[in-house]
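Enquirer: I need the structure of the sequence given here:
(one chain, ligands or ions: 1)
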Amino acid sequence: MDASVITTTDLRKVYRSRDREVTALDGVDLGVREGEVYGVVGRSGAGKSTLIRCVNLLERPTSGTVEVAGRDLTALAGRSDRAPAALRAARAGIGMVFQHFNLLSSRTVQDNVELPLEILGVSGRARARKAGELLDLVGLSDKARAYPAQLSGGQKQRVGIARALAGDPKVLLSDEATSALDPETTRSVLRLLRDLNRQLGLTVLLITHEMDVVKQVCDSAALMKGGRVVESGTVAELLATPGSELAGELFPVGGQASGPDRTVVDLTFHGDSATRPVISQLARTYNVDISILGAAMETYDGRQIGRMRIELPGRFEDNVVPIGYLREQGLDVAVVPDAPEAVPVTGPVSVTDPVAAPVPAPAPVSTVKETAK
Ligand SMILES: Nc1ncnc2c1ncn2[C@@H]1O[C@H](COP(=O)(O)OP(=O)(O)OP(=O)(O)O)[C@@H](O)[C@H]1O
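Expert: Here you go, the predicted structure:
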């Protein structure tokens with residue numbers, strides 16, 4: 001059974017103006033499972049904002065489909081510019097928070113939270129009760145009568161989150177919600193999102209350009225480049241994928257070769273291999289001096305995953321056998337060229353292996369498919 005609560009299929013968005021076309025989304029397939037926090041990262045212009053705005057049809061996709069909670073929103077959108085009633089109703093089940101909060105300055109905090117309920121025609125008393133509950137949930141009961149100008153950035157975002165939850169959404173979309181906040185406030189807003197995700201079973205799709213956000217709250221992540229998703233999966237799966245750019249950015253294991261005629265290798269340990277003394281066995285078996293240039297160890301979903309960058313004396317050709325040994329021990333092995341990026345060693349390593357210098361350009365990392373938790 002597909003437990004995705006947000007699914008985009010071959011989503012494309014082309015912005016057309018008189019003299020040019022920009023392909024902002026170039027066939028995006030995304031699956032966000034119920035109850036997870038899913039982060040989409042990428043450089044400026046990668047298409048993140050366009051993607052999140054297409055998920056609630058604030059932006060109309062050029063082609064492809066968007067399903068949220070089992071409903072095909074693209075089918076509800078109709079052809080005119082004005083959203084039909086069915087789409088407006090479906091959107092009530094999708095909350096959205098924005099980087100710059102988008103609060104109405106002339107309304108109190110309580111009235112800002114009540115706004116979506118007013119639009120839905122909810123009676124005054126029911127609105128006030130719901131707004132009171134939501135402000136309690138985000139820790140701002142004492143600010144109900146304050147105006148946005150009297151709040152800190154973090155408090156404003158909490159109001160934005162309370163307002164986004166007014167329609168009891170199953171899904172919350174977050175468009176760089178913490179980008180305007182300092183690191184400490186960012187952490188507290190992310191903790192709030194995580195708590196809401198757990199308490200309410202809320203699915204959160206967020207876009208960010210900060211890897212720390214992914215590290216702090218995301219179960220899964222996708223990397224976008226040029227309108228495409230180039231890597232995706234649970235954080236644990238990504239960390240275990242040789243050559244994953246996201247894994248490298250989440251847990252950088254830096255370190256350069258100490259001189260010429262050295263082989264630098266990135267190793268990923270997971271499962272059983274994370275707890276065996278593979279490196280000391282390698283040193284003993286081949287009588288080779290190994291320098292550890294960097295290492296990171298994390299536990300995700302109860303699985304230990306380690307990444308390590310080591311240096312072996314000699315060039316790649318001299319180290320084919322030890323590298324083969326590491327692979328036999330169940331480690332993912334990627335030889336690092338002079339440039340900082342790693343090249344996954346994919347085929348079986350043999351003495352005549354063509355991976356030997358010159359090292360080819362990094363191969364694209366294949367998408368990690370979703371697996372049940
Ligand atoms: N309304 C628009 N009209 C024309 N081009 C647009 C429009 N909105 C976005 N684009 C273009 O689409 C591409 C993707 O933009 P988008 O804002 O989705 O990227 P992003 O990853 O969110 O970047 P940022 O982090 O800077 O917001 C960019 O080349 C951008 O210039």
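
Enquirer: surely residue 109 touches residue 147?
Expert: Yes - between residue 109 and residue 147 there is a contact at 7.4 Å, judged by C-beta atoms under 8 Å. Every residue, glycine included, has its C-beta placed from N, CA and C.

Enquirer: neighbour-wise, which of the two wins?
Expert: residue 109 (27 against 16; other C-beta atoms under 10 Å).

Enquirer: isn't residue 101 right up against residue 161?
Expert: No - with contacts counted by C-beta under 8 Å, residue 101 stays clear of residue 161, the gap being 9.6 Å.

Enquirer: neighbour count: those two, which is higher?
Expert: Legend: neighbour count by other C-beta under 10 Å for residue 101 and residue 161, higher for residue 161 (24 against 20).

Enquirer: can you pull the pLDDT of the most far-flung residue of the chain relative to its centre?
Expert: Here the chain reaches farthest from its C-alpha mean at residue 287, the gap being 41.8 Å by C-alpha atoms, centre = their mean. Note on residue 287: pLDDT of 90.

Enquirer: residue 141 contacts residue 134, correct?
Expert: No - if you go by C-beta under 8 Å, residue 141 and residue 134 don't touch, sitting 9.7 Å apart.

Enquirer: which of those two has more neighbours?
Expert: Shown here are residue 141 and residue 134; by other C-beta under 10 Å, residue 134 has more neighbours (24 against 14).

Enquirer: the more buried one: which element?
Expert: Assigned by DSSP states H and E, residue 134 falls within helix 124-137.

Enquirer: tell me what that helix is packed against?
Expert: If contacts are counted by 3 or more C-beta pairs under 8 Å, 6 or more residues apart in numbering; DSSP states H and E, helix 124-137 sits against helix 109-119, helix 153-164.

Enquirer: output these as a markdown table; include the columns mean pLDDT.
Expert: Shown next, in a markdown table, are the helices and strands packed on helix 124-137 (pLDDT from 0 to 100):
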| stretch | mean pLDDT |
| --- | --- |
| helix 109-119 | 95 |
| helix 153-164 | 96 |
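
Enquirer: now the chain, which segments are flagged as low pLDDT?
Expert: Regions of the chain meeting the criterion pLDDT under 70 cover residues 1-2, 79-83, 273-274, 301, 338-373.

Enquirer: who in it is up against the ligand?
Expert: 15, 22, 24, 42, 44, 45, 46, 47, 48, 49, 50, 209 (C-beta under 6 Å from any ligand atom).

Enquirer: out of these, which are inside helices?
Expert: The helices, defined by DSSP state H, take in 48, 49, 50 from the residues of the chain next to the ligand.

Enquirer: mind checking the SS state of residue 32?
Expert: strand (DSSP: H, G, I helix; E, B strand; the rest coil).

Enquirer: where does the closest residue to it other than its chain neighbours land in three-state SS?
Expert: Spatial nearest neighbour of residue 32, excluding adjacent residues (C-beta to C-beta, 6 or more residues apart in numbering): residue 6 at 4.0 Å. Following three-state DSSP, the label given to residue 6 is strand.

Enquirer: I figured residue 6 hits residue 34, correct?
Expert: No - between residue 6 and residue 34 there is no contact under C-beta under 8 Å: 9.2 Å.

Enquirer: so which of these two has more stuff around it?
Expert: Neighbours were counted for residue 6 and for residue 34 using other C-beta under 10 Å; residue 6 has more, 24 against 14.

Enquirer: domains in the protein, as residue ranges please.
Expert: What automatic domain parsing lists as the domains of the chain is 4-239, 251-344.

Enquirer: how much space between residue 69 and residue 167?
Expert: 12 Å (C-beta to C-beta, to the nearest Å).

Enquirer: which residues do residue 6 and residue 34 both contact?
Expert: residue 203 (C-beta atoms under 8 Å, 6 or more residues apart in numbering).

Enquirer: identify the residues contacting residue 138.
Expert: The contact partners of residue 138, taken as C-beta under 8 Å, 6+ apart, are 158, 159, 161, 162, 192.

Enquirer: that one: what's its closest spatial neighbour, skipping adjacent residues?
Expert: Using C-beta to C-beta, 6+ apart, the nearest residue to residue 138 is residue 158, at 4.2 Å.

Enquirer: alright, calling it a day.
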